[in-house]
Each structure stands twice: as structure tokens, then as C-alpha cells.
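**Q** Give me a model of this one.
(one chain, ligands or ions: 2)
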Amino acid sequence: MKQIPCALTIAGTDPSGGAGVQADLKTFQELKVYGMSAITSIVAQNTTGVRDVHHIPVEMIRQQLQSVSEDMPIHALKTGMIAQKNMMEAFKEWLEKVDAFYVMDPVMVAQSGDPLIESESREYLKKQLLPLTTLVTPNIPEAEHLTGETIETEEDMKMAAKHIVTDLGAGAALVKGGHLNGKAIDYLFDGSRIQSFETERIDSANTHGTGCTYSAAITANLSRGHSLGKAVEEAKYYVTEAIRYSFDLGKGNGPTNHFAVREEVFNKWL
Ligand SMILES: Nc1ncnc2c1ncn2[C@@H]1O[C@H](COP(=O)(O)OP(=O)(O)O)[C@@H](O)[C@H]1O
Ligand SMILES: Cc1ncc(COP(=O)(O)OP(=O)(O)O)c(N)n1
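**A** Ligands and ions are numbered 1, 2, ... in the order given. Predicted structure coming up:
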């Protein structure tokens, strides 16, 4: 019998359901992948910003990871918010024993401007975790932090993607252009060639959780056996439609619509 693809997210939470673990699990489910989660931090946040953060003790994170991997298949995994260096150390030790595609969303700051990881963890993420990735998916500020270069143009984005792979050791890099003006273009460098993924920019302020949704969709597609290029191409379609039909919920930047690629469901809400 064919086995269902299984994907794991290791990330923080969003009780308002737009970002973090909640966005990841919704994405896995929509893409018909069996979703699993290990929680690193509980974040009191909503569409307007972050109110408080409670970090899960590192031993408990270790136990969650171990509980999943000793019992369940993991075909692909992603990390989002891993706030502290000791959490990253525990994750790295565990990851070295796991054989799965690894997508890193190098979450640093929420859309609201609230920091999501401690500053000493940033160096660890860059030096110790990045070389273990199949793919890293930085937005422009994250790519600027990783490379130490200012990114203002599409040429800068391509250079950054190459830098992250060639000099920092990531398996591949997808630099996302959501924070630039004009069309919504992302550049993927896989170690040998640059590919672009482009759509029109949708006029919407409801983009809470787009980075989480995109990286979760790529992870789901990898767990299904897609090549990296096809995994990104299909995930780009997923996130674009999720923004196009995003929900005007909350007082801030509303969440993406995970029903958007399932016409029979989202038509009911239009
Ligand atoms: N207004 C928009 N219209 C269409 N696509 C967008 C828009 N904003 C972001 N995107 C796309 O959503 C994805 C997430 O990008 P980005 O906003 O850069 O990441 P993050 O959420 O991590 O800050 C990328 O594919 C980006 O091109
Ligand atoms: C728990 C948690 N993880 C990640 C984020 C950031 O998510 P992202 O997809 O980049 O979305 P915005 O922050 O841009 O809304 C988060 N907010 N919370």
C-alpha cells in the first residue's frame, strides 16, 4: 500500500491561526500531507503583533522531537521560529540522526517588527544550521542579515542567493521578494543555476503568515517527492492564491486563505 507523505514543523505558535505552527499544519493538510509538529515557543500574538512569548524548556523540545522520530516516518521537515541557541543545539543534535529534506524558514522578526529570536541565536543559525539545509527561504531583511549585504534590486537578490549557498553552505536558497516593490519575484539558487518565480503583486495588506505558508508548502511538496524546482513552483502558486483570497480578519494584517486552491470550499466564502 502507498504510504502517505509525512512532514514535520518545528516552530512557534500563533493563537490567531495565521502564522507559525498553525499556518504550517493547515498548509500540510491542504496539500494532502500528514502533518506533525514540535513546538518551540508559545507566542501570544495576533494580526496586530506579538504580546508575549513563553519558551518551551529545551528538554521538552528534545522529548517532542524524539517522540516523533522514534515512532513516525518523516519525509520532510521545516523549522520556523527557534528563538534560543540552546534550542538550536538540541535541534541540530537530533537532526543529525534524521534522514529527511530540511527546509529552514530563518524567522527573525514578525511582520509587526517584533523580534522572534534572540540575537545570539542568529549566528548559530547561520554557522551551524544553515549548512544542514536542503533549502533556506529568507525574505529580504533575513537575506541581508545572512549575507551582510544590502538588497535593493533583483540583481542583489540573485547575488544573495548565490552567496548563501556558495559561501555559507546552504543546500539551496530561495530569496523572497515580498518586501521589494513591483512584481512578487523570488530567486532560487540550487548550487548550479538561478531560477525565478514571479507573479503580479496583489494589492492586499492581509499577508500575515505568508512566509510560514510558503515554506510549509515547499516542505509538503518535497515530502511528496517533487524536485526542488517543482516544489517551489507549486508552493508559489499556493501562497499567491492564499494571498489573493486572504481573509479580512483581525484589526491588523489578516491571514492567508488556505482554502484558496480548493475552489469548491473557498467559493462558499466569496
Ligand atoms: N502582495 C503580494 N502579492 C503577491 N505575492 C506576495 C505579496 N507579498 C508577498 N508575496 C509573496 O509571498 C511569499 C512570501 O514572501 P515575503 O513576504 O517576502 O516573506 P515573509 O512573509 O517571510 O516576510 C513570496 O513568494 C512573495 O513573493
Ligand atoms: C510563531 C511565529 N513564527 C513565525 C512568524 C513569522 O511569520 P511570517 O510567515 O514571516 O509572517 P509575518 O510575521 O510576516 O506575518 C510569526 N509571526 N510567528
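**Q** For stretch 8-26, give the distance from the opening residue to the closing one.
**A** 12 Å (Cα to Cα, to the nearest Å).
**Q** any bit of it sitting next to ligand 1?
**A** No - Stretch 8-26 stays clear of ligand 1 (Cβ under 6 Å from any ligand atom), getting no nearer than 8.4 Å. Bear in mind the C-beta positions are built from the backbone N, C-alpha and C, glycine included.
**Q** Quick check: buried residues in that stretch?
**A** 8-14, 16-26 (16 or more other Cβ atoms under 10 Å).
**Q** and what of stretch 246-259?
**A** Ser246, Phe247, Leu249, Gly250, Gly252, Asn253, Gly254, Pro255, Thr256, Asn257, His258, Phe259.
**Q** give me phi/psi at the second one?
**A** Per-residue torsions, Phe247: phi -90, psi 130 (degrees, to the nearest 10).
**Q** is it true that Gly80 touches Val21?
**A** Yes - shown here, Gly80 and Val21 form a contact pair, counting by Cβ atoms under 8 Å, at 7.5 Å.
**Q** any shared contact partners between these two?
**A** Between them, Gly80 and Val21 share these contacting residues under Cβ atoms under 8 Å, 6 or more residues apart in numbering: Thr9, Ala11, Gly12.
**Q** what pLDDT does the last one get?
**A** We note a pLDDT of 98 for Gly12 in this prediction.
**Q** Would you check how far apart it and Asp105 are?
**A** According to Cβ to Cβ, to the nearest Å, Gly12 stands 11 Å off from Asp105.
**Q** Helix or strand: which one has Thr27?
**A** Using DSSP states H and E, Thr27 sits in helix 20-30.
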